[in-house]
Each structure stands twice: as C-alpha cells, then as structure tokens.
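1. Okay, structure incoming, though there's no sequence with it:
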C-alpha cells in the first residue's frame, strides 16, 4: 500500500492475487446519478450499475504475475511502478 505523494486521497495497493488497485478515497456514491441510470434502464437502455464495486475503486490491473510492491513515481505525477 502506498499513498500518492501528489493527491492525499489516492492510494495504490498490490495484493497476493496479483492485482494492483487504484483507489480515490474522496469519491462518494452519487445517489442522483444512480437514479438516472435506473431510469435509463427502465426506458429500455442497457445500463448496468455495479452494486458490488465500491465507488472509490478507480482501476484494477491484473496483468502482472508475482506482484510484490507498488510505488508512485517521484517525478512523474500519476505514474506508478510495480515489481
């Protein structure tokens, strides 16, 4: 786990299941947006609302084997290095 040096609410995590996840803990669930999606789905649109994924989870990378560490790059804002 490593907090972003540039954004106080951003954290990168790596885990034994070979996933690297990026989280923004400042994000909150938007009830109004969910109502819009539900209404669009009721009108025949194909909109899926992920109920089992927290809104703070921004991205999951799963293409690397044996992930040991994840670190934010010190000079390139938003870049992450993993080993």
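-> Now that the structure is in, tell me what you want to look at. Nothing here was measured: the structure is a model prediction, and the numbers come from that model.
2. which residues pair with the residue lying closest to residue 12 once chain neighbours are set aside across the strands?
-> Once flanking residues are discounted, residue 12 sits nearest to residue 70: 4.7 Å by CB to CB, 6 or more residues apart in numbering. For glycine as for every other residue, the C-beta is placed from the backbone atoms N, C-alpha and C. Residues in a beta bridge with residue 70, per DSSP bridges, are residue 82.
3. In this structure residue 70 contacts residue 61, no?
-> No: Residue 70 is beyond contact range of residue 61, at 9.4 Å (criterion: CB atoms under 8 Å).
4. Please say which of these two ends up with more neighbours.
-> residue 70 (21 against 16; other CB atoms under 10 Å).
5. low-scoring stretches of this protein, by residue?
-> 45-50 (pLDDT under 70).
6. what residue is smack in the middle of it?
-> residue 58 (1.9 Å; CA atoms, centre = their mean).
7. What sits closest to that residue if chain neighbours are left out?
-> Nearest to residue 58 is residue 22, by CB to CB, 6+ apart, at 4.6 Å.
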